[in-house]
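Engineer: Could you work out the structure for the sequence below:
(2 chains)
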Amino acid sequence: MLESLGDIFNLIFSVNFILTVITASTPLLLASSGELIVERSGVLNLGVEGMMIVGAACGFAGAWMSGSIAVGALCGIFAGMAMAAVFGILTLGLAVNQVATGLALTIFGIGLSGLIGASFVGEKIVPAPHLDLPVLTGLPVVGRILFGEDPFVYISIALIVAIWLFLYRTRRGLELRAIGDNHASAHALGYPVLRIRMLAVLFGGACAGLAGAYLPLAYTPFFIPGMTSGRGWIALALVVFASWRPGRLVIGAYLFGAVSILGLALQPLHLGIPQQMMNALPYLATVVVLVLISRTRGTAGSAAPASLGVVFVPDR
Amino acid sequence: MQLVLEKRAERSAVIAVASPLIAVALAVITFAILFAIMGKDPIRALYVYFVEPLTDSFTLQEIVVKATPLVMIAVGLALCYIANIWNIGAEGQFIVGAVCGSWLAVRTNGTDAGFWVLPAMLVMGTIGGALYGLIPAICRVYFGASEILTSLMLVYVANLGLDYMVRGPWRDPQGMNFPTTAAFDPAASIGTLFAGTGRMHAGSIIALVVVMLAAVLLGRMIMGFQIRLVGAAPRAARFSGFNANRLVLFTFAISGGLAGLAGIIEVAGPIGHLDPGVPSGYGFTAIIVAFLGRLNPVGILVAGLFLALTYIGGEGAQISLKVPLDLTKVFQGILLFYVLACDSLIVYRVRLLRTVRKSVPAHA
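Structural biologist: Okay, the predicted model is just below:
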């Protein structure tokens, strides 16, 4: 028992494990950053999983046909935005229930990605290259962790910093938060509630599409139907976990990234735990974390934007 | 010019009836365009999808077989959705129901256990699904956790649980190492209704009974009234002293139980054993069925048959038109978009506004 504890300890603090955690966390961070902005504007888009999987299919298709990872990533981004546009038109333009539309987006996305990806199953691409700086990458321990990642990792970090700056240091960010907290007042003050929400939704789609594209472009260099396997839903839970704050989102994404690959990493140690149990860990952890977070926060001090998920139809 | 929404003074009764039909028509038109883009003859494709399955007794029975779990799950989901409670984990409850009921089938396999096995399996499946459905309900009622996310997460857990059971303890020793249980004994199976002509089974009758009971519950009983009131006017419901928490537990238990029952019927009926392929997305398609049926039990019956038709039509199209099976899911997704959009027109009217330019006086 003690021996295997020691093995686990060594494994968790090995450079390879940390590197895998970072790659596993990046799609979660990308997708949940976008959803954070969407929810801060008062819109609940449950279709993250759908936008991600379509982003994955289109991203792979783009990269395979062009031979360029960047083109693939752009295809993923645009695919996510196109999906988000459908969501925006329905929920903002036609005032349809956001929960139901988000579910529809996921169901539709899973079908569409299967359709797009069908002809690419079994194909392979060269995955995104990793940064390689002359001296820095060669440094012991920290070298590969800090200076040897793929470009998406740096993009995801830059993105969350930008989001923090936008939300708390710019006037537009303040407007976005105001709209999310009280759309009626924001409307009365003359802010274009629906237009800003539409932009937020499109941004969320772009992030989800990029997060989806990350999977076949850097995580595994091929496309499998359903390869997002619930990451979009975990991203949604992460936003709740982070209390709608960018800083905590980073912590949450990396924690969940670690939990999600723990099962795979512990496999060689033969601990006698069924593999399915280990694979269920991220989902069970999500439930447990949601329960704990919601409980400690109580009903009065909810950190959610006050207008989250509420339909808004401007009166003239 | 600008499109704006305007609230109607009263809900439009005409559109309320017509909206699912308009949605189906729009979805079919979109589908035809999609076929044309894919280079298939749209008329022939629509015929293969929506008419051909109706011309043969075997495929007609297949439609009923597919509709059975869809209708049963969707009726339960509708009870939740009417009350604004979001159970989206019916797929997981379906799986747990199938696993719980199968336990008895596996244990009695090869013994001379009598006729009681099947009814007991159905009861166990229902209870299993209901208990699994109660987990997100309890998380919401006692801890305030969003039932949307927890119910969905539990789908993945259920899937992995099923995988473990059929690869581990319940694997058929004579199964050539395939991850499957032994075929269920006749005492643990639901027989077909018309032997030799198709796979229609007695489970469909249970689905009909479920539809009728739900219609009675919603239309004639105080619990049904509470469900509708909490959905339509939560504040009024609070003031009148209805216990919203009890309603969350009740609707989740009912919908989970129905999904579990659908799961064990599917396993004891058409499939006949338990394997990792048992969950096939019925729990998610049932969400579409519930909305297409406008959350009304009888509407759901019709909607369930229609969605079942798209499954069977899609299987036919895969063979005769060489189109991927995923096209069916795309159609189902498009259909749900149209259903939701058309539902919005019951409450709102879309108006085309000319942007009025302020006329500037020629002289000051």
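Engineer: how about the residues of the stretch 251-364 of chain B that lie near chain A?
Structural biologist: Applying C-beta under 8 Å from any C-beta of the partner chain, one finds that the stretch 251-364 of chain B approaches chain A through B:284-285, B:287-288, B:291, B:324-334, B:336-337, B:340-341, B:343-345, B:347-348, B:350. Every residue, glycine included, has its C-beta placed from N, CA and C.
Engineer: Quick one, which of these are buried?
Structural biologist: Applying 16 or more other C-beta atoms under 10 Å in any protein chain shown to these, the neighbour count classes B:284-285, B:287-288, B:291, B:324, B:326-334, B:336-337, B:340-341, B:343-345, B:347-348 as buried.
Engineer: just for the chain, where's the confidence low?
Structural biologist: Just so you know, I chose chain A. Per-residue confidence of chain A (counting by pLDDT under 70) places the weak regions at A:1-3, A:296-302, A:316.
Engineer: Chain B, not that one
Structural biologist: Across chain B, the ranges flagged by pLDDT under 70 are B:1-2, B:354-364.
Engineer: measure the most centrally placed residue in chain B to chain A for me?
Structural biologist: Centroid-nearest residue in chain B, with C-alpha atoms, centre = their mean: B:Ala286, separated by 1.2 Å. Applying C-beta to the nearest C-beta, to the nearest Å, the value for B:Ala286 to chain A is 11 Å.
Engineer: Of the buried ones among the residues of the stretch 251-364 of chain B next to chain A, which belong to strands?
Structural biologist: Among those, the subset assigned to strands under DSSP state E consists of B:Tyr348.
Engineer: list the contacts for B:Leu149?
Structural biologist: With contact set as C-beta atoms under 8 Å, 6 or more residues apart in numbering or on different chains, B:Leu149 has these partners: A:233, A:236-237, A:240, A:286-287, A:290.
Engineer: ok, the closest residue to B:Ala236 other than its chain neighbours - how many residues close by?
Structural biologist: Sequence neighbours aside, B:Leu229 is the residue nearest to B:Ala236 in space, at 6.6 Å (criterion: C-beta to C-beta, 6 or more residues apart in numbering or on different chains). B:Leu229 is flanked by 18 other residues according to other C-beta atoms under 10 Å in any protein chain shown.
Engineer: for A:Gly67, same thing?
Structural biologist: A count of neighbours around A:Gly67, defined by other C-beta under 10 Å, yields 11.
Engineer: Please name the residues that touch it.
Structural biologist: By C-beta under 8 Å, 6+ apart, A:Gly67 lies in contact with A:Ile125.
Engineer: Kindly recompute the last result at 6 Å.
Structural biologist: Under the criterion of C-beta atoms under 6 Å, 6 or more residues apart in numbering or on different chains, the contact list for A:Gly67 is empty.
Engineer: Next, B:Asp275: phi, psi?
Structural biologist: Taking degrees, to the nearest 10, you get phi -150, psi 170 for the backbone angles of B:Asp275.
Engineer: Could you find the closest non-adjacent residue to it?
Structural biologist: With sequence-adjacent residues excluded and distances taken as C-beta to C-beta, 6+ apart, B:Asp275 is closest to B:Thr180, at 4.0 Å.
Engineer: How about A:Pro225?
Structural biologist: Nearest in space to A:Pro225, with sequence neighbours left out and distances taken as C-beta to C-beta, 6+ apart, is A:Gly114 at 5.0 Å.
Engineer: Residue 253: what's it in contact with?
Structural biologist: Just so you know, I chose chain A. When the contact criterion is C-beta under 6 Å, 6+ apart, the partners of A:Ala253 are A:25, A:28-29, A:238.
Engineer: oops, chain B please
Structural biologist: Contacts of B:Ala253 by C-beta under 6 Å, 6+ apart are B:130, B:133-134.
Engineer: one step back: pretty sure the residue nearest to the centre of chain B sits against B:Pro69.
Structural biologist: No. Counting by C-beta atoms under 6 Å, B:Pro69 is not a contact partner of B:Ala286; they are 7.6 Å apart.
Engineer: A:Val291: what secondary structure?
Structural biologist: helix (DSSP: H, G, I helix; E, B strand; the rest coil).
Engineer: That one - how many residues pack around it?
Structural biologist: 19.
Engineer: could you check the distance from it over to A:Gly309?
Structural biologist: Computed with C-beta to C-beta, to the nearest Å, the distance linking A:Val291 and A:Gly309 is 20 Å.
Engineer: Break down the stretch 201-350 of chain B into its helices, ranges please.
Structural biologist: Chain-ordered helices for the stretch 201-350 of chain B, with DSSP state H, counting those that start in this stretch as the definition, fall at B:203-220, B:222-232, B:234-239, B:244-266, B:282-292, B:297-320, B:326-347.
Engineer: Let me have those in TSV, adding distance to A:Ile160 as columns.
Structural biologist: Shown next, in TSV, are the helices of the stretch 201-350 of chain B (distance: least, C-beta to C-beta, whole Å):
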stretch	distance to A:Ile160
helix B:203-220	46
helix B:222-232	38
helix B:234-239	36
helix B:244-266	35
helix B:282-292	31
helix B:297-320	41
helix B:326-347	31
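Engineer: Compare those helices and give me the one nearest B:Gly101.
Structural biologist: B:Gly101 sits nearest to helix B:244-266 of all the helices of the stretch 201-350 of chain B, at 3.2 Å, using C-beta to C-beta.
Engineer: could I have that closest one exported to PDB, CA atoms only?
Structural biologist: Taking Å, rounded to 0.1, in the frame of the first residue of the first chain, the C-alpha atoms of helix B:244-266 are listed here in PDB:
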ATOM      1  CA  ALA B 244     -41.400  23.100  -5.200                       C
ATOM      2  CA  ASN B 245     -38.700  20.800  -3.800                       C
ATOM      3  CA  ARG B 246     -41.100  17.900  -3.500                       C
ATOM      4  CA  LEU B 247     -42.000  18.500  -7.100                       C
ATOM      5  CA  VAL B 248     -38.400  18.300  -8.200                       C
ATOM      6  CA  LEU B 249     -38.000  15.000  -6.400                       C
ATOM      7  CA  PHE B 250     -41.300  13.700  -7.800                       C
ATOM      8  CA  THR B 251     -40.800  14.600 -11.400                       C
ATOM      9  CA  PHE B 252     -37.200  13.300 -11.400                       C
ATOM     10  CA  ALA B 253     -38.300  10.000  -9.800                       C
ATOM     11  CA  ILE B 254     -41.100   9.600 -12.300                       C
ATOM     12  CA  SER B 255     -39.000  10.500 -15.400                       C
ATOM     13  CA  GLY B 256     -36.100   8.400 -14.100                       C
ATOM     14  CA  GLY B 257     -38.500   5.500 -13.400                       C
ATOM     15  CA  LEU B 258     -40.000   5.700 -16.900                       C
ATOM     16  CA  ALA B 259     -36.600   5.900 -18.500                       C
ATOM     17  CA  GLY B 260     -35.500   2.900 -16.500                       C
ATOM     18  CA  LEU B 261     -38.600   1.000 -17.500                       C
ATOM     19  CA  ALA B 262     -37.900   1.800 -21.100                       C
ATOM     20  CA  GLY B 263     -34.300   0.500 -20.600                       C
ATOM     21  CA  ILE B 264     -35.300  -2.800 -19.200                       C
ATOM     22  CA  ILE B 265     -38.100  -3.300 -21.800                       C
ATOM     23  CA  GLU B 266     -35.600  -2.600 -24.500                       C
END
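Engineer: what's the spacing between that helix and its chain's center?
Structural biologist: Going by C-alpha atoms, centre = their mean, to the nearest Å, the spacing between the C-alpha centre of helix B:244-266 and its chain's C-alpha centre is 12 Å.
Engineer: Hmm, B:Cys6 is touching B:Arg349, no?
Structural biologist: Careful, residue B:6 is Glu and not Cys. Yes. Taking contact to mean C-beta under 6 Å, the distance of 4.9 Å between B:Glu6 and B:Arg349 places them in contact.
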